[in-house]
Structure formats: structure tokens, C-alpha cells
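In: What would the 3D arrangement of this be:
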Amino acid sequence: GELEPQEYSLTLSRTDECSANLDSIRVSTLLPIPGESDPGEVRLTSFQPNQLRLSATLKRSSFVVLSEVYYPGWEAYVDGQPVPLLKADYILRALPVPAGEHDIAVRFRSRTLRWGLVISLLSIVALGAILKWGRTRGSPVSAAGQLAT
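Out: Numbering: from 1, shown residues only. Modelled structure (predicted):
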């Protein structure tokens, strides 16, 4: 049907140039320039365990798709600001990047590892407190140890 002036029609289709499947999309009123197929360039500047750094020079806002497996715990930053990390093509990582020159960082910070460290630290502190409390009370364990010496 006909659209009102404030309404927009959206059609999604795959092309040979970009066949990624995205799990979400944000709609913008800015359209790419017709006939412009080159969105810009993204270069990998550092590849370390649990961390990637990229440099992007984009002519228009784009999704940067990394051929890395999507897994919870990965975080993405564009120019130091957090951006959503999306699942693309069912298994890959993708992130929205605006037009211009940008530094991109993608790093892994496991939430389960962080929770495990917090729980372990609290357990050590609690054990230390129990041992200290037992010594100050003159518990039978410390008294028996004094008799044996």
C-alpha cells in the first residue's frame, strides 16, 4: 500500500557481495549513495589471544564482520566507546561502525571467569577470617597444639 510521509519501506536481500545474516538491524534515514559499492577499508593492526585491534577508514556507516566465531564474553569498542557486538551469518561477529576513521578493539572478558575470581577471593578472605577468629578465641585446636609442644 501507499506509505505516509513519515513511514518507510524496508526490503532486505542478500547479494553476492554481502551474504551475512544479521540478528538485528538499526534503520537510518540516510541512504548509501547510489552506485557506490566500496564502503571503505578495515585493516587488522594487532592479533593477540583474546584481543583484536583494527583500523577502519569507512566512506559510510557499515557493519564490520569478523571471520571469528561469535561467543558470549566478547566486547567491542569503537574509539574507546562500547558498541554492540552482533551475531552475523549465524556464527560470526559483527559490529556497527560509523563513517570516518576509527580504531576498533574487540576483546574477550569472560563473565564466568570474573565471577569465579570474585567467589574465590571472597572464599579466601572468609577462610582467613575464620582462622584468625579461631586463634583469638583460644579454640581447642590451638590449645591442643600448645599442649603437644
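
In: wait, what's in contact with Ala129?
Out: For Ala129, no residue meets the contact criterion (C-beta atoms under 8 Å, 6 or more residues apart in numbering). Just so you know, the C-beta spots here come from the backbone N, C-alpha and C atoms, and that holds for glycine as well.

In: centroid residue for the chain?
Out: Glu75 (1.5 Å; C-alpha atoms, centre = their mean).

In: Before we go further, that residue is sitting in a strand, right?
Out: Yes. Under DSSP: H, G, I helix; E, B strand; the rest coil, Glu75 sits within a strand.

In: could we number from 506 for the rest of this?
Out: Let's use 506 as the start, then, which means that last one is Glu580.

In: Assumed Ile635 was part of a helix.
Out: Yes. Inclusion of Ile635 in a helix is indicated when three-state DSSP is applied.

In: Near it, how many other residues are there?
Out: Burial of Ile635, expressed as a neighbour count using other C-beta atoms under 10 Å, amounts to 10.

In: Run through the bridge partners of Leu557.
Out: Phe552, Val611 (DSSP bridges).

In: Tell me how far it lies from Leu563.
Out: As judged by C-beta to C-beta, to the nearest Å, Leu557 and Leu563 stand 17 Å apart.

In: cool, and Ser615?
Out: The span separating Ser615 from Leu563 equals 30 Å under the rule C-beta to C-beta.

In: And the two? Which one has more around it.
Out: Neighbour totals were compared for Ser615 and Leu563, and Leu563 leads with 18 against 14 (other C-beta under 10 Å).

In: what sits against the more buried one?
Out: Leu563 sits next to 544-547, 602-605, 607 when contact means C-beta under 8 Å, 6+ apart.
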